[in-house]
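A.B. asks: For reference, the sequence and a predicted model appear below.
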Amino acid sequence: MARLYEYQGKELLQKFKIPVPNGELAATPEDVYRIASELNKPVVLKIQVWSTKRAQYDGIQFADTPEEAREKSSSLFGKMVHNFKVENVLVEEKIEIKSEFYTGLIIDDSMKQPVLLFSSKGGSGIEEIAKECPDKVTKRYIDVLTGLKDYQAREMVRKTGISGKLQLQLGNILVKLFDVAKKYETRAAEINPLVLTSEGKIIAADCRITIEDYAVFRHPELGIEIAREFDRPPSELDKIAYNVEKNDYRGTFYFIQMEQGFKKGEGYVGFHGAGGGGSMMSMDAVIKQGFKIANFTDTSGNPPASKVYRAAKIILSQKNIDAYFGSGSGVASQEQFHSARGLVKAFREQNLSIPAVIRLGGNQEDLAVDILQEYTKDLPAPVEGYKKDDSADFCAERLRILVDKHQNAAVQKKKQELFLPKEPYTFATLTGTVTFDHAACLCCKTKACISACGPQILNLEDEKPVLAISREEAAKGKCTECLACELECEFHGKKATFISLPIPGLTD
């Protein structure tokens, strides 16, 4: 789920004519003073974070004058709440509340339908309210094709003991809330509290809206950077990684940065899993060895080597990690040599200086481990590969031994050699480019790139590798970005091949 801030949710409610308090978003205490002055009445200050318990952290303050509002807000900006650094405060008019209600529409996955809840008793904890006062709560499953009718909404309100004009007002809000949820494809759309003011008006005093992950791309107007549920704003690496996944449909790449700002030697590990259950088990094994997890990463569902490469590069870009650990289900159906090649390319480009232990259980695991270990022997730090019969606990123990042994070793940085072809032959792939130096290819006896090309999209022409398919076909995915031609050329040819796989926003 992609969460919206309260002020964003209220903007959506307003578009469907659901009344909200007068107010504005502030970024500084001076903004707060200006807004409070313009409202010219007592105000409420609410920090904008993804938390339903802001009051417990003094995140909701009341002020009678603009001066008091400015003074109180100065302690809110910069405040840390649930991994959030408060950057914005919503300044709204203080409402005289006569009654509080609750309403919310959520998706019931078991019924595969949206369900609308209404309670004539407001406050937090709708589950507790339903248990303590079942006559105050009602729910209705809604057919998404026919929607929620006015009479159905009024009937929901009537069942909680409300009648007359108030029943009509509340029923109207319920129908509009369903329209908001349908328009923006929400997983949850809640108004709590929905209040009746002393003047007889119905107002959405607070709201919580989350958008279905898979619908985010249809709503660019919402400005959601990452279609995933976070308990904090996404980091720069979170954003970079999400854009890799968003723009490449092949397999899964999930990345979340769990810690930042740590120092070298504190035992943080770059974690690279494959499959949810196996990854959780593997993380537990690492933690048992006294390590800490810097990030969670999952590349599964048969991703190409290029996607695994990008995942590894992003993991390695985290400053001050002490090791790299890869381990997933151990019985993956994907060909593990693709993952091995992606890892090798990333490790070589980074001239890996931290120990790495990789468990590559599954199809072609023997070949995968051979590739991993053979092509990393000359790196400054040790890389060990293991198979499905090697437990995650054993692999984590090996990582501990390697880190303890390597932590005081001097690592000499190697300047990365630039690939400067004299006679370049280049073609585009789905997410990058492949370049051969035909001048060097003429001197190559092995033609390793040709034999290594699993999809068989390369031919020899005058002793030089060229596409056996059209450039358009290669760019649309016929080149699977298996990375085999580059690695085989580096170790068994003339180092005449380079595959460029850019990662926008990432700097080495």
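C.D. replies: Received it, and whenever you're ready, just let me know what you need.
A.B. asks: Pass me the low-pLDDT residue ranges in the stretch 101-250 of the chain, would you?
C.D. replies: Across the stretch 101-250 of the chain, the ranges flagged by pLDDT under 70 are 123-124.
A.B. asks: could you show me where the helices are in it, in order?
C.D. replies: 126-132, 150-158, 164-184, 236-246 (DSSP state H, counting those that start in this stretch).
A.B. asks: okay if I get these as TSV plus distance to residue 495 and mean neighbour count?
C.D. replies: Any C-beta I mention is one placed from the backbone N, CA and C, and that applies to glycine too. Listed next are these as TSV, based on distance: least, Cβ to Cβ, whole Å; neighbours: other Cβ atoms under 10 Å:
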stretch	distance to residue 495	mean neighbour count
helix 126-132	63	13
helix 150-158	70	18
helix 164-184	52	19
helix 236-246	27	19
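A.B. asks: To residue 455, which of those lies closest?
C.D. replies: Closest of those to residue 455 is helix 236-246, at 22.0 Å (criterion: Cβ to Cβ).
A.B. asks: could the helices of the stretch 101-250 of the chain go into TSV alongside distance to residue 143?
C.D. replies: Below are those laid out as TSV (distance: least, Cβ to Cβ, whole Å):
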stretch	distance to residue 143
helix 126-132	23
helix 150-158	10
helix 164-184	11
helix 236-246	32
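A.B. asks: out of these, which comes closest to residue 321?
C.D. replies: Nearest to residue 321, of all these, is helix 236-246, at 12.0 Å by Cβ to Cβ.
A.B. asks: That closest one - contacts with which helices or strands?
C.D. replies: With contacts taken as 3 or more Cβ pairs under 8 Å, 6 or more residues apart in numbering; DSSP states H and E, helix 236-246 sits against strand 252-257, helix 305-316.
A.B. asks: Just give me the lowest mean pLDDT stretch among the ones you listed.
C.D. replies: Mean pLDDT values for these show the minimum at strand 252-257, a mean of 93.
A.B. asks: May I have the residues that are in contact with residue 211?
C.D. replies: Going by Cβ atoms under 8 Å, 6 or more residues apart in numbering, residue 211 touches 1-4, 184-187, 219, 222, 224, 227.
A.B. asks: top of those residues by neighbour count?
C.D. replies: Compared across these, residue 186 has the highest neighbour count, 26 neighbours, by other Cβ atoms under 10 Å.
A.B. asks: How much space separates it from residue 209?
C.D. replies: 6 Å (Cβ to Cβ, to the nearest Å).
A.B. asks: do the same with residue 38
C.D. replies: 26 Å.
A.B. asks: Flag every buried residue along stretch 296-316.
C.D. replies: By 16 or more other Cβ atoms under 10 Å, the buried positions in stretch 296-316 come out as 296-300, 302-316.
A.B. asks: and what of stretch 20-39?
C.D. replies: For stretch 20-39, by 16+ other Cβ under 10 Å, it's 20-21, 23-26, 29, 31-36, 39.
A.B. asks: Show the average pLDDT along that stretch.
C.D. replies: Computed over stretch 20-39, the mean pLDDT rounds to 98.
A.B. asks: go on, stretch 488-502?
C.D. replies: Mean pLDDT, stretch 488-502: 96.
A.B. asks: where are the low-confidence patches of the stretch 351-500 of the chain?
C.D. replies: Residues of the stretch 351-500 of the chain that meet the cut-off, pLDDT under 70, sit at 408-416.
A.B. asks: So which of the buried residues of stretch 20-39 are in strands?
C.D. replies: Applying DSSP state E to those, the entries found in strands are 23-26.
A.B. asks: any chance of those in CSV, plus distance to residue 52?
C.D. replies: Below are those laid out as CSV (distance: Cβ to Cβ, whole Å):
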residue, distance to residue 52
23, 19
24, 22
25, 19
26, 21
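A.B. asks: Out of these, which is nearest to residue 143?
C.D. replies: residue 23 (35.8 Å).
A.B. asks: Show me what the closest one is bridged to.
C.D. replies: For residue 23, the beta-bridge assignment (DSSP bridges) gives partners residue 92.
A.B. asks: Hmm, it is touching residue 91, no?
C.D. replies: Yes - with contact defined as Cβ atoms under 8 Å, residue 23 counts as touching residue 91 (5.3 Å).
A.B. asks: who touches both of those two?
C.D. replies: Common neighbours of residue 23 and residue 91, using Cβ under 8 Å, 6+ apart, are 35, 39, 43.
A.B. asks: CSV for those residues, including distance to residue 444?
C.D. replies: What follows is the shared contacts of residue 23 and residue 91, written out as CSV (distance: Cβ to Cβ, whole Å):
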residue, distance to residue 444
35, 70
39, 75
43, 74
